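Novice: Okay, here's the prediction I keep looking at, along with the sequence it came from:
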Amino acid sequence: MQWSADKALVFGARGLIGSQLVKQLVQNERYKEVILFTRKPLNVTTPKVRVVEFDFNRWEGVENHFTPNAQVFCTIGTTRAQTPDLEAYKNIDYGIPVKLAEFAARGSCRGFLVISAIGANEHSFNFYQRIKGEMERDVQSKGVRETYIFRPSLLLGKRAETRRGEDFGRMINSLVSPILFGSLKKYKGVEAEVVARAMMHVAMNGYRETILTNDKILELGNA
């Protein structure tokens, strides 16, 4: 694609993928401005990074940052353990990405890249997979140019907080990962840094498919 974006808007900068993504955006000379939207203060020392503090229940002023030279990166997501209330969970994993895609469409942004999850399916009987699938459907319906959805498997990396379910999943992944190849590669655990690199690759070069499954993430992020 012809390059036209030099501003990155990042939602979820404090998370596992988001923190890795910010490092790569800062190091990339093509991005002249990196704006991080967060509910809590972040200490930044790089001039090209700006932090915008806001409440996800109050969106005043946020849409003004969505301009034609911007790419939007949404790495926000919660877990059942963090957010046991199903309605609150949906407000985060569905509501926020769809709201951002709406802003991006109205602002004629040059790209919307969002993290989903393996197994996302709007018709699934599983609540969490269904929510991710509905999010994907409605994000795409906004019609933002260069919309890309990433479906990583189990995320690997050190979080600030402990997630017991993920810790168990990492242990299992270490045991079965050697036999996950070919069509099973999409189930392999993936380092957050690898996902971030895949997002950067697609943001800068585009991709032939709108939805990137875990095997494609691994391929691009390890290239």
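Specialist: Now that the structure is in, tell me what you want to look at.
Novice: any low-confidence regions in this structure?
Specialist: Scanning the chain for pLDDT under 70 picks out the ranges 1-3, 157-187.
Novice: What segments of it are strands?
Specialist: With DSSP state E as the criterion, the chain has strands at 7-11, 33-38, 49-53, 70-74, 112-115, 147-151, 155-156, 190-191, 211-213.
Novice: Does anything pack onto the second one? Which helices or strands?
Specialist: Other elements packing on strand 33-38 under the criterion 3 or more CB pairs under 8 Å, 6 or more residues apart in numbering; DSSP states H and E are strand 7-11, helix 16-27, strand 49-53. From N, CA and C alone the C-beta is placed, and that goes for glycine too.
Novice: So which bits of the longest one are buried?
Specialist: Spelled out, that is helix 16-27. Under the neighbour-count criterion of 16 or more other CB atoms under 10 Å, helix 16-27 has 16, 17, 18, 19, 20, 21, 22, 24, 25 buried.
Novice: Out of the helices and strands packed on strand 33-38, which gets nearest to residue 207?
Specialist: Closest of the helices and strands packed on strand 33-38 to residue 207 is helix 16-27, at 16.4 Å (criterion: CB to CB).
Novice: Touching the closest one from outside, list them.
Specialist: Here helix 16-27 makes contact (CB atoms under 8 Å, 6 or more residues apart in numbering) with 8, 10-13, 31, 34, 36, 46, 48-49, 73, 75-76, 115, 152, 155, 157, 159, 192-193, 195-197, 199-200.
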